[in-house]
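Trainee: Following is a predicted model, sequence given first.
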Amino acid sequence: MSIRGKTVLITGGADRLGRSIALELASRGAQVAINYRRSSAAAEETRRRAAGFGVRTICAQADVTDPAATAVMVHTVEERLGPIDHLVAAAGVFQRTPLDEVTQDAWDEMMRGNYETFRVPAAILAPAMRHRGGGSIVAFGDVAAVRPWSDYIPYCVAKSRVLHHARDLAVAFAPEVRINCVLPGPVLFPPDYPAEARRKEVDRTLLRRAGQPGDVARAVAFLLEGEYLTGVQLPVDGGRLLV
């Protein structure tokens with residue numbers, strides 16, 4: 001199933017992995033709507049670069065943990081690009097939170113930023129896709145949802161909820177809507193991630209190297225285009241989960 005000419009909404013699409021995904025999908029002929037919350041300049045740069053592939057592109061501002069704002073954004077995207085065929089729920093946040101320092105606010109932030117950013121847009125778009133007879137969604141998990149990191153427990157729990165919720169939705173919305181999940185490993189570390197911690201994560205992979213944003217972007221494209229794929233949890237981790 002080619003995504004050429006299809007409309008894809010990418011949450012968190014302004015920069016980092018979201019930008020790589022937007023450019024990969026645009027290079028395959030998809031119309032891309034680049035969602036952002038605050039990074040308007042980055043979103044516009046991504047939109048400009050995606051448009052260079054000759055496809056229609058727009059920026060779409062919304063806090064996708066807010067159902068009302070997300071519904072308005074979806075309406076705006078569909079007015080300009082047509083019905084949304086695919087959702088890539090790439091919006092997320094990452095923060096070190098040692099368990100003895102975790103506050104309720106930290107729990108809430110990780111749940112909003114990593115679980116609600118999938119749950120809310122999926123709750124709006126999956127029924128609409130089923131009503132139209134087809135569509136697909138790619139959620140973002142993390143290898144940390146399977147192999148937890150002791151100093152990132154709220155993040156790990158939030159990503160674990162994504163994995164289970166994506167699988168549940170795959171059952172609930174079959175056969176019309178395919179719902180899959182990608183699990184990145186050590187790819188595109190945050191700028192403030194300590195060098196020693198980076199080295200340890202890379203050394204724990206079978207391939208002994210960090211992944212590239214394009215590795216994840218191509219995996220997302222594979223899941224969107226795979227007609228016989230649903231309920232899949234695809235690690236892009238250099239073999240990290242086997243170590």
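Mentor: Now that the structure is in, tell me what you want to look at.

Trainee: C-alpha only now, for contacts and for neighbours.
Mentor: OK.

Trainee: and the lengthiest strand in the chain, average pLDDT?
Mentor: With secondary structure taken from DSSP state E, the chain has its longest strand at strand 177-184. Regarding strand 177-184, the rounded mean pLDDT is 98.

Trainee: How about the contacts made by Ala219?
Mentor: 182, 234, 236 (C-alpha atoms under 8 Å, 6 or more residues apart in numbering).

Trainee: Going through the residues you listed, which ones are buried?
Mentor: 182, 234, 236 (16 or more other C-alpha atoms under 10 Å).

Trainee: Tabulate those (a markdown table), appending distance to Arg19.
Mentor: What follows is the buried ones among the contacts of Ala219, written out as a markdown table (distance: C-alpha to C-alpha, whole Å):
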| residue | distance to Arg19 |
| --- | --- |
| Val182 | 16 |
| Leu234 | 20 |
| Val236 | 17 |
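
Trainee: Would you map the strands across the chain?
Mentor: Remark: strands assigned in the chain by DSSP E are 7-11, 31-36, 57-61, 86-89, 135-140, 177-184, 233-236.

Trainee: can you pull the pLDDT of Thr117?
Mentor: 98.

Trainee: Confirm for me that it is in contact with Val64.
Mentor: Yes. Contact criterion C-alpha atoms under 8 Å: Thr117 and Val64 qualify, at 5.4 Å.

Trainee: so which of the strands of the chain is the most packed in?
Mentor: strand 31-36 (a mean of 29; mean count of other C-alpha atoms under 10 Å).

Trainee: tilt between that one and strand 7-11?
Mentor: For strand 31-36 against strand 7-11, the angle by axes from the mean of the first three to the mean of the last three C-alpha atoms, to 10 degrees is 20 degrees.

Trainee: Any idea which residue is closest to the centre of the protein?
Mentor: Ala90 (2.1 Å; C-alpha atoms, centre = their mean).

Trainee: residues touching that residue, list them.
Mentor: Ala90 neighbours (C-alpha under 8 Å, 6+ apart): 10-13, 17-18, 118, 139-140.

Trainee: What ranges does the chain have for its helices?
Mentor: 16-27, 40-51, 67-81, 104-111, 117-132, 153-172, 195-203, 213-225 (DSSP state H).

Trainee: residues of the fourth one that come out buried?
Mentor: The reference is to helix 104-111. 106-107, 109-111.

Trainee: I would like the residues contacting stretch 96-113, please.
Mentor: 65, 91-95, 150-155, 158.

Trainee: again, only using 7 Å
Mentor: Applying C-alpha atoms under 7 Å, 6 or more residues apart in numbering, the contact partners of stretch 96-113 are 65, 92-93, 150-155, 158.

Trainee: farthest-separated two in the residues you listed?
Mentor: Thr65 and Ser150 (26.1 Å; C-alpha to C-alpha).

Trainee: who has more neighbours, these two?
Mentor: A direct count of neighbours by other C-alpha atoms under 10 Å for Thr65 and Ser150 places Thr65 higher, at 20 against 13.

Trainee: That one: what's it in contact with?
Mentor: 112, 116-117, 120.

Trainee: what separates the residue in the chain sticking out farthest from the centre from Cys156, distance-wise?
Mentor: Taking C-alpha atoms, centre = their mean, the residue of the chain most remote from its mean C-alpha position is Asp100, at 29.1 Å. Counting by C-alpha to C-alpha, to the nearest Å, the separation of Asp100 from Cys156 is 15 Å.

Trainee: Perfect, I'm done here.
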